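Engineer: heads up, no residue letters with this:
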């Protein structure tokens, strides 16, 4: 019998710098992951909606109490109070890791309102509130121009950030630079930084999704295998730059679509947030657990990818200016997805209020 509880557990044990997170804050999911070496977890309104639906017997009385105790609350007020409660409660499951690793692991990411993606001040204000919900919170903000500004300010205020709605090297570099500016401001005032743990997500599966959508829309014919490697190529390039420049921020991969999104990043000093379904698939697979982070994407694949102008924009550090981030195809589709997910959670609350 293997000493490991699946391939992700083996990854966590053999490559402790490659952190595996659970892309959920559900009770079952967290228990499963913690038994297999996860060191972090993620929430957002879509995830909270799924957790509430899956655990409705537990959360329905809590929701009804929020409604009863706050007679003037709108649906949105109830939703965000619920998100606060879910985040605060489930972050406690990670506290032992947070304490063991002195803030560098064991955090729960919790997301600001996606509707604020153009409003720096609102994001910062909400980030301060979300950070107050627990000692080990990590606040997610979208990597828009306004979000980049908010990340600098939030970092200055001592908040560990997680950049989300991010798909490109340009976004990853802009995030890392913003964090460095925020940390420099803290250090200039002798404020503590040692336990801060910022990360920048690259939603590599959604980078792939956008390449597939773009080539389909434009009628481009490329080797279909290359479309499974776009996100991997992007995050490997961002990782190279991060290591070269010594950024404090660590990269975080997200949105798994194939095993490359895990196996090609093994050995890196980075995080991987993987949803429950993919965790179970990968734990049961027969892919060898071996360091591949420094293996380049093949010349053949890169040649095909470079035929795609949107890939070049994604891969090139100078491919976009921050003011362009929110117009990137993957940004638009993901933001709409997040907003739709929020609306679905509102409908759940509406069903209990009306």
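Structural biologist: Cool, the structure landed. Since we're looking at a predicted model, the values are computed, not measured.
Engineer: Where does residue 141 sit, in terms of helix or strand?
Structural biologist: strand 137-142 (DSSP states H and E).
Engineer: Flag the shaky bits of the stretch 51-200 of the chain, pLDDT-wise.
Structural biologist: Within the stretch 51-200 of the chain, the set of residues satisfying pLDDT under 70 is empty.
Engineer: ok, back up a step: for the strand holding residue 141, which outside residues touch it?
Structural biologist: Residues outside strand 137-142 that contact it (C-beta atoms under 8 Å, 6 or more residues apart in numbering): 40, 42, 44, 87, 91, 107-112, 114, 117, 123, 127, 130-131, 147, 150-151, 154, 159-166, 197-199, 201, 331, 335. (C-beta placed from N, C-alpha, C; glycine too.)
Engineer: Looking at these, which are in strands?
Structural biologist: 40, 42, 107-111, 161-164, 199, 201 (DSSP state E).
Engineer: how about residue 73, phi and psi?
Structural biologist: In terms of degrees, to the nearest 10, the main-chain angles of residue 73 are phi -70, psi 140.
Engineer: err, residue 190, not the other one
Structural biologist: Dihedral angles (degrees, to the nearest 10) for residue 190: phi 60, psi 40.
Engineer: Could you count how many residues lie near it?
Structural biologist: 6 (other C-beta atoms under 10 Å).
Engineer: about what we covered before: can you pick out the most distant pair from the ones in strands among the contacts of strand 137-142?
Structural biologist: 108 and 163 (16.0 Å; C-beta to C-beta).
Engineer: Distance-wise, check the residue nearest the centre of the chain relative to residue 249.
Structural biologist: Against the mean C-alpha coordinate of the chain, by C-alpha atoms, centre = their mean, the closest residue is residue 201 at 4.6 Å. Per C-beta to C-beta, to the nearest Å, residue 201 is found 10 Å from residue 249.
Engineer: next one: residue 69
Structural biologist: When distance is defined by C-beta to C-beta, residue 69 is 39 Å away from residue 249.
Engineer: These two - which one has more neighbours?
Structural biologist: Set residue 69 next to residue 249 and count neighbours by other C-beta under 10 Å: residue 249 wins out with 26 against 9.
Engineer: Would you check that the more buried one makes contact with residue 175?
Structural biologist: Yes: Residue 249 is within contact range of residue 175, at 6.3 Å (criterion: C-beta atoms under 8 Å).
Engineer: Select the longest helix from the protein.
Structural biologist: helix 329-353 (DSSP state H).
Engineer: Show me where the stretch 251-354 of the chain has its helices.
Structural biologist: Along the stretch 251-354 of the chain, counting by DSSP state H, counting those that start in this stretch, helices occupy 260-263, 276-283, 299-305, 309-315, 329-353.
Engineer: Any idea which of those gets closest to residue 81?
Structural biologist: Comparing the helices of the stretch 251-354 of the chain by C-beta to C-beta, helix 329-353 comes nearest, at 9.7 Å.
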